[in-house]
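Q: Fold the stuff below for me.
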Amino acid sequence: MLDMHEVTLLADYYILCDGSSTRQIDAITDDLIESLKKAGSQPAMVEGTATSGWVLVDFGSVIVHIFSPEKRAYYQLEELWKEAPIVVRML
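A: Residues are numbered from 1 along each chain as shown. The predicted structure is shown next:
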């Protein structure tokens with residue numbers, strides 16, 4: 001998770017993760033949306049598909065990027081937003 005407060009006005013936080021298959025990317029996306037609905041939140045927008053290798057779920061102040069490993073390596077958002085402090089890193 002990157003703290004985007006001082007880097008961009010688009011969101012306060014970016015969460016970057018990946019799934020090892022299209023099925024796992026779909027499962028991560030579905031579970032994220034369902035869990036946040038239960039908590040009373042609705043995503044503002046969902047873009048992309050698991051088959052494209054990149055799904056973006058926009059909750060307003062938090063944007064979640066769910067990648068295939070190949071797309072994550074290609075786009076390297078951590079490098080693009082390297083000025084943003086890392087809040088949490090899980091390996």
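Q: and stretch 5-18, average pLDDT?
A: The pLDDT scores in stretch 5-18 average 94.
Q: Work out the gap between that stretch and the centre of the chain.
A: Averaged C-alpha coordinates place stretch 5-18 at 9 Å from its chain's average position (Cα atoms, centre = their mean, to the nearest Å).
Q: How about the contacts made by residue 28?
A: 17, 19, 66 (Cβ atoms under 8 Å, 6 or more residues apart in numbering). In this view, the C-beta of every residue, glycine as well, is placed from N, C-alpha and C.
Q: now, which of the residues you listed lie within strands?
A: Using DSSP state E, 17, 66 are the members of the contacts of residue 28 that sit in strands.
Q: Specify which member of the contacts of residue 28 is nearest to residue 41.
A: residue 66 (16.7 Å; Cβ to Cβ).
Q: Could you check how many residues crowd around the residue lying closest to that closest one once chain neighbours are set aside?
A: In this structure, residue 66 finds its nearest non-sequential neighbour in residue 55, 4.4 Å apart by Cβ to Cβ, 6 or more residues apart in numbering. By the measure other Cβ atoms under 10 Å, the count of residues near residue 55 is 23.
Q: For residue 55, grab phi and psi.
A: phi -120, psi 130 (degrees, to the nearest 10).
Q: before we move on, what about the one 5 residues further on?
A: Backbone dihedrals for residue 60, given as degrees, to the nearest 10, come out at phi 90, psi -90.
Q: Which residue, other than its chain neighbours, is closest to it?
A: residue 44 (5.3 Å).
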